[in-house]
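In: Curious how this folds, go ahead:
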Amino acid sequence: MASTIHTPVKPAAGGLGLFERYLSLWVALCMAAGILLGKLLPALTAGMRGIEFGKGSQINAPIAVLIWLMITPMMMKVDFSSVRNVGRRPAGLLVTLLVNWIIKPFSMALLAWAFFRMIFSPFIAPVEADQYIAGCIILAAAPCTAMVFVWSHLTGGDPAYTLVQVSVNDLIMLVLFVPIVQFLVHGASTLTVPFQVLLTSVIVFIVVPLLTGTLLRFLLVKGHGRAWFEDQLLPKFAPVTIAALLATLVLIFAFQAGNITGRFSHVLLIAVPITLQVYFNAGITYMLMKWLKVEHSVAAPGALIGASTSSSWQSRPRLRSSGRTPVRRSQP
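Out: Model (predicted):
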């Protein structure tokens with residue numbers, strides 16, 4: 001019987017669009033623009049960085065709004081009724097979940113601990129090692145959502161299967177992100193991540209866009225029909241998603257401009273375990289898919305999803321000492 005999973009967005013005629021074709025260039029330009037903004041207009045940048053959802057939430061409001069604009073249209077594509085059809089081809093999804101929720105966070109914790117506690121210990125202070133280990137773990141524990149459909153298109157992936165992978169990962173993230181981060185950060189460093197901060201982050205960056213996208217999809221499909229929703233409305237959100245993505249990158253690098261320029265050697269050190277983690281998880285995901293004879297249209301996007309990290313956690317949390325050793329606060 002033919003699959004009834006619906007493709008959310010049809011590939012553009014003629015192959016890759018301008019944005020997808022030069023994605024690396026746009027990212028590099030946004031990184032440079034963000035650093036320039038942070039250095040040339042420090043007061044403006046500091047003011048924007050200080051806007052939070054309530055005192056002590058540590059959730060940056062401008063970043064959150066941009067993330068909503070970026071993720072909500074993606075969530076509107078998610079047809080949760082299609083999840084039941086994945087049982088016909090479960091191998092690709094199971095491999096992706098295995099890598100995302102078991103291999104990736106634990107391997108990242110091990111790599112970060114090995115590099116920052118041992119290999120790079122002559123170059124960084126113990127308190128900085130704690131911060132970097134915690135940051136790497138937080139990144140690894142949050143699979144990317146917003147760029148998944150772009151990656152699927154770039155690799156000639158099956159967009160319907162990618163949709164199922166995204167929806168299942170988002171549902172699992174609601175349950176596993178907080179306990180995994182708390183367990184690994186506490187185990188690999190002398191710090192703990194406040195539970196309230198993690199919970200607020202999950203609600204703001206996952207629950208809100210997920211519920212908003214699901215509600216909008218239901219109301220719009222009910223009012224105008226599925227064909228109109230998928231063929232006419234959803235493509236109109238593409239410029240909004242792209243603009244929000246690029247603006248998010250600019251703000252992230254603007255907020256961290258001081259750290260990037262003032263501690264550039266540390267940036268290079270941090271890049272080492274993260275880069276190794278990306279290639280390791282992408283490689284092991286694709287090899288497992290190949291071993292299980294999963295088709296390329298599922299294996300290639302799955303490998304990129306398995307190696308991805310989310311930019312949703314932008315503001316580095318103010319971590320607390322676990323009490324095992326005296327820890328002083330590092331400079332922001």
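In: and the longest helix for this protein?
Out: For the chain, the helix with the greatest residue count under DSSP state H is helix 159-188.
In: Show me what that one is packed against.
Out: helix 90-98, helix 104-113, helix 126-140, helix 148-154, strand 191-192, helix 195-202, helix 296-306 (3 or more C-beta pairs under 8 Å, 6 or more residues apart in numbering; DSSP states H and E). (C-beta placed from N, C-alpha, C; glycine too.)
In: so where is the stretch 101-250 of the chain shaky, pLDDT-wise?
Out: For the stretch 101-250 of the chain, the stretches flagged by pLDDT under 70 are 143-147, 149-150, 153, 189-194, 198.
In: closest to residue 29 out of the helices and strands packed on helix 159-188?
Out: Closest of the helices and strands packed on helix 159-188 to residue 29 is helix 148-154, at 16.9 Å (criterion: C-beta to C-beta).
In: For residue 241, see how far away residue 137 is.
Out: 28 Å (C-beta to C-beta, to the nearest Å).
In: now do residue 249
Out: As defined by C-beta to C-beta, residue 249 lies at a distance of 13 Å from residue 241.
In: still on that earlier bit, in terms of neighbours, single out the busier of residue 137 and residue 241.
Out: residue 137 (27 against 20; other C-beta atoms under 10 Å).
In: give the contact list for the nearest residue to that one once chain neighbours are set aside.
Out: The shortest distance from residue 137 to any non-neighbouring residue, by C-beta to C-beta, 6 or more residues apart in numbering, is to residue 184 (4.8 Å). Residue 184 is in contact with 105-106, 109, 137, 141, counting by C-beta atoms under 8 Å, 6 or more residues apart in numbering.
In: between those, which is nearest residue 291?
Out: residue 106 (20.8 Å).
In: now that closest one: how far from residue 47?
Out: On the measure of C-beta to C-beta, residue 106 and residue 47 end up 39 Å apart.
In: and those two? which has more neighbours close in?
Out: Higher neighbour count among residue 106 and residue 47: residue 106, with 18 against 10, using other C-beta under 10 Å.
In: if we can go back for a sec, which stretch among the helices and strands packed on helix 159-188 approaches residue 168 most closely?
Out: Residue 168 lies closest, by C-beta to C-beta, to one member of the helices and strands packed on helix 159-188: helix 90-98, at 6.4 Å.
In: can you pull the contacts of the closest residue to residue 162 other than its chain neighbours?
Out: Computed as C-beta to C-beta, 6+ apart, the closest residue to residue 162 that is not its neighbour in sequence is residue 152, at 4.0 Å. The contact partners of residue 152, by C-beta under 8 Å, 6+ apart, come to 158-159, 162, 301.
In: Same question for residue 111.
Out: With contact taken as C-beta under 8 Å, 6+ apart, residue 111 is in contact with 136, 273, 276-277.
In: Between which two of those is the distance greatest?
Out: 136 and 276 (10.8 Å).
In: Compare these two (neighbour count), which wins?
Out: Neighbour count, other C-beta under 10 Å: between residue 136 and residue 276, residue 136 has more, with 27 against 14.
In: what's the spacing between that one and residue 270?
Out: If you go by C-beta to C-beta, the gap between residue 136 and residue 270 works out to 7 Å.
In: same question, residue 214
Out: Residue 214 sits 36 Å away from residue 270, going by C-beta to C-beta.
In: go on, residue 122?
Out: Here the criterion is C-beta to C-beta. By it, residue 122 lies 16 Å from residue 270.
In: Name all residues that make contact with the closest residue to residue 207 other than its chain neighbours.
Out: In this structure, residue 207 finds its nearest non-sequential neighbour in residue 174, 6.8 Å apart by C-beta to C-beta, 6+ apart. Neighbour list for residue 174: 202, 206-207 [criterion: C-beta under 8 Å, 6+ apart].
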